[in-house]
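Asks: I'll drop the sequence and a predicted model, then ask my questions.
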Amino acid sequence: MHPSVTPLASIFRLNTELVLNCIEDLDDERAQERGDPPVNSITFLVAHLTETRHLMARLMGQPLPSPFSQAFGKARTLDEAGPLPSLDDVRGHWERISAHVAVHIERLDTAQLAQSSSQKLPGSDGTLLGALAFLAQHESYHLGQIGILRRQRGCSPMQYRLRPREPGRVGA
């Protein structure tokens, strides 16, 4: 892994695990609750983050088809999205795209990180590195929301634990 991308790869790996920790003990009913007043559900937020990981893959030149692009690609709220998939479906898609991103982010070098990003993102300097930095912050923002929603649903706080890496496995 090139040293320029090491901190971002570490943040994305941590965020991958934190999302899984946030949803590990939830069922569909709790994960799809909207509260009063209605807010985005945990399932929606994880589907949104999954779609964002697909954006990352595209920005790195390593796209994978997204199962949520039609329903969640442009949706900023649950009201704008299509019907929610099950939490198990969302978890499976999160794990797949996260493993894909983990492999490809570790292959980026300084020249690639300095290239112009195909998508301009808020607070970014217009480079791939800037876009990835924004997306790392974006994930962390939504992880905080998910953590609060867990507590509002009577669940324990999110845990900061990492699953052991499998020997010989790159990334996730």
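Replies: Perfect, I can see it now.
Asks: just the helices in the protein please.
Replies: Assigned by DSSP state H, the chain shows helices spanning 6-23, 28-31, 42-59, 69-72, 87-105, 110-114, 128-152.
Asks: pick the most buried one from those.
Replies: Among these, ranked by average contacts under mean count of other C-beta atoms under 10 Å, first place goes to helix 42-59 (a mean of 22). No exception for glycine: its C-beta is placed from N, CA and C like everyone else's.
Asks: state the mean pLDDT of it.
Replies: Averaged across helix 42-59, the pLDDT comes to 95.
Asks: ok, back up a step: Arg163 is nearest to which of the helices of the chain?
Replies: Arg163 sits nearest to helix 6-23 of all those, at 6.3 Å, using C-beta to C-beta.
Asks: elements contacting the closest one?
Replies: Judged by 3 or more C-beta pairs under 8 Å, 6 or more residues apart in numbering; DSSP states H and E, helix 6-23 is in contact with helix 42-59, helix 87-105, helix 128-152.
Asks: coming back round to it: for the helices of the chain, which one sits closest to Tyr160?
Replies: Nearest to Tyr160 among the helices of the chain is helix 6-23; the distance by C-beta to C-beta comes to 7.1 Å.
Asks: how far does that closest one sit from the chain's center?
Replies: When C-alpha coordinates are averaged (C-alpha atoms, centre = their mean, to the nearest Å), helix 6-23 and its chain have centres 8 Å apart.
Asks: now do stretch 133-145
Replies: When C-alpha coordinates are averaged (C-alpha atoms, centre = their mean), stretch 133-145 and its chain have centres 8 Å apart.
Asks: and the contacts of that stretch?
Replies: With contact meaning C-beta atoms under 8 Å, 6 or more residues apart in numbering, stretch 133-145 is reached by 8, 11-12, 15, 18-19, 22, 40, 45, 48-49, 52, 55-56, 121-124, 158.
Asks: rerun that using 10 Å as the cut-off
Replies: Here stretch 133-145 makes contact (C-beta atoms under 10 Å, 6 or more residues apart in numbering) with 7-12, 14-16, 18-19, 21-22, 39-40, 42, 44-46, 48-49, 52-53, 55-56, 59, 101, 113, 117, 119-125, 127, 158.
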